[in-house]
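Asks: Okay, here's the prediction I keep looking at, along with the sequence it came from:
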Amino acid sequence: MAGPEREIQTLVGLLNAAVAKEKRDLLNYKRDGAWHPIAASELAEKVRATAMGLEALGVRAGDHVGLLSENRPEWTMADLGILNCAAADVPIHTTQAEAQVHYILNDAGVRVMFISGQTQYNRVREALNDMPKLRTIIAFDRIEADDERLISFDELQKRGREADAAEPNLYETLRRSVRPNNLATLIYTSGTTGEPKGVMLTHRNLVSNVLANRQSLPVGEDDVILSFLPLSHIFERTGFYLYLLGRASIHYAESIEMVGQNLAEVRPHYMTSVPRVFEKIHARIIDQAEKEGKLKAAIAKWAMAVGAEWAALDNKGQRIGLPLRIRHALATKLVFSKLRARVGGRIKCFISGGAPLSVELAGIFYGAGLPILQGYGLTESSPVITANMPGNNRLGSVGKAIPGVTVKIAEDGEILCHGPNMMLGYYNKPEATAEALEMDEWGRVWLHTGDIGHLDEDDFLYVTDRKKDLIKTSGGKYIAPQPIESEIKRSRFVNQVVVIGDQRKFPVALIVPQMDALKSYAGLKGIAYTDPQQLLAHPRIIDLIERQVDKFTPELAHYEKIKAVALLEHELTIESGELTPTLKVKRRVVAERYKTLIDRLYAEQEERYAVKQG
């Protein structure tokens, strides 16, 4: 780490380092079919105008300012503007239900908030209208509405420049007042159960995490970044601060749907992502190959197998024999070179978090020359606790504890961690805070992660499941559903899967299939259907999925084996309340929503068993 960087203690100092000298394309956005750069000096000026505009509106040190917007340069300008006027921001996910938005804004006591434009305003209009304390709404884009609280982002900055001219020393006075232990952000995490909890993170929490991660991922001025995960999530936001500190050229992806095209245009060196994206890339390659004929499909599958075999040896530092080296070189020429070109051709590594990444998928990308560095963390830990590193990437693990962080495993298998990145607590929730944070006899505070895992002999961490997700069968056996779900998702016919079985005799699975793959299979096998529902109910399709489940879970104990499956037509989504904003399954919500289907599944299985016994 460079000497001056050690002195950075707040996000104000981080911004100073990022804009200390000019960089023409520090931020980049796409509009009207072309990419447009934002220089470091322009970012610094816009942040200053935003901070002073907020000061002119009456925002004071320690106030909470809302931020509801898709990723765009204005998100970053608002975020840094809030922090540089000594306030704290309250980012809200653009997919959060209106009732949750209302709860968050009220609980946080938000009086001023930023919003992207008409779409988000219309989506949460009723919540905003039911907030007498909310006095100002700052819109990035024009909003047509009879709402006297609305002002434009341009107007805010105009007022800021006027205030700055009137008191030219005030901005630096505000910035100097920011201390490492000041609250920087209040991020509400819905989790998989209960109402949202406001995680209180300080400047010290976030900066310590950025600096620790920078030691293992030294992003520099020559690097290009594509940013597409929501900045309202702490994973992307901390990564974004890391990229800013490294003065890389950061590009905001147009949308999740446009990531593929943006990858080819931007040709990034790094990108943070979630396993879902890699699963889709893999499925798309196989599906595309199959559409091009049996030979292409066979070559693609062969190459993937070769890549995984090569990765397994190389990752452990074992010798790779000449025959495998030759096969790997051929697989690279025929398949992997095209895959690398599809993601821009310059990827040094992907950074993955938010959910488990299957060992097989990690091996395939590793073997293709596209290493995925998997890490682990929570909003409550700012977020990174452990991470794999370039040159020290153990497939299947989530890496070692980052510098300054200590990890230990409790007697019941729960992962506990201690370090400067641990939250202050949950806002307005002392009981929940007391459950999550525990002080030991030496005065060290440990965060209870709620996850189950273990450390290997080299201190690499392996996360096996959520503590609350563990299934206890009626026979008293405990089952960890996530590893089973990860294995089943290796099938190209499976999109999403949820294992159910708490207080039941055996586990079953609700599966959302990959419809394109199923349709191709149906065409190949001559299975007739008129609509998706009829296809999913077809006995041969159900039999296919059951065989796939058995194929990918051969090592399960008898009590862990999936005894029946039900196919769902619609994906589980954040909007439907079945997934958290970080794409974790709300298992209890799913179990309640599909209770009738699940009960029928168990009844049918019991009937089959009775017939066999009879």
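Replies: Cool, got the structure.
Asks: Please go through the protein and pick out the longest strand.
Replies: Scanning the chain for the longest strand, with DSSP state E as the assignment, gives strand 445-455.
Asks: for it, packing partners?
Replies: Helices and strands touching strand 445-455, by 3 or more C-beta pairs under 8 Å, 6 or more residues apart in numbering; DSSP states H and E, are strand 406-409, strand 414-418, helix 430-436, strand 437-439, strand 461-466. C-betas here are computed from N, CA, C, even on glycine.
Asks: Only C-alpha atoms, please: export the last one in CSV.
Replies: Extracted in CSV, the C-alpha atoms of strand 461-466 (Å, rounded to 0.1, in the frame of the first residue of the first chain):
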residue,chain,number,x,y,z
LEU,A,461,-12.9,-20.4,5.0
TYR,A,462,-15.6,-22.6,3.6
VAL,A,463,-19.2,-21.5,4.1
THR,A,464,-21.8,-24.3,4.1
ASP,A,465,-25.1,-22.6,4.9
ARG,A,466,-27.2,-20.1,6.8
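Asks: List of residues touching the longest strand of the chain?
Replies: Strand 445-455 has contacts (C-beta atoms under 8 Å, 6 or more residues apart in numbering) with 376, 378, 380-381, 385, 407-410, 413-418, 422-423, 435-440, 461-468, 470, 480.
Asks: average pLDDT across it?
Replies: The average pLDDT for strand 445-455 rounds to 95.
Asks: Buried residues in it, which are they?
Replies: 446-453, 455 (16 or more other C-beta atoms under 10 Å).
Asks: Quick check: phi and psi on residue 214?
Replies: phi -70, psi -30 (degrees, to the nearest 10).
Asks: Make 413 the starting number, not 1.
Replies: OK, 413 is where the count begins now, so the last one is residue 626.
Asks: Just want to check the distance between it and residue 426.
Replies: Using C-beta to C-beta, to the nearest Å, residue 626 is found at 11 Å from residue 426.
Asks: Would you mind listing the residues touching both of the two?
Replies: By C-beta under 8 Å, 6+ apart, residue 626 and residue 426 have these common neighbours: residue 657.
Asks: the more surrounded of the two?
Replies: Neighbour count, other C-beta atoms under 10 Å: between residue 626 and residue 426, residue 426 has more, with 23 against 18.
Asks: Contacts for the helix or strand hosting the more buried one, please.
Replies: If you go by DSSP states H and E, residue 426 is part of helix 423-430. Contact partners of helix 423-430, identified using C-beta under 8 Å, 6+ apart, comprise 416-417, 419-420, 438, 452, 455-456, 459, 492, 495-496, 587, 590, 596, 615, 618-619, 622, 653, 656-657, 659.
Asks: PyMOL command to pick out the buried ones of those?
Replies: Applying 16+ other C-beta under 10 Å to those, the buried members can be selected in PyMOL as follows:
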select buried, resi 417+420+438+452+455+456+459+492+495+496+587+590+596+615+618+619+622+653+656+657+659
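Asks: In helices only, show me the contacts of helix 423-430.
Replies: Per DSSP state H, helices hold the following members of the contacts of helix 423-430: 416-417, 452, 455-456, 459, 492, 495, 587, 615, 618-619, 622, 653, 656-657.
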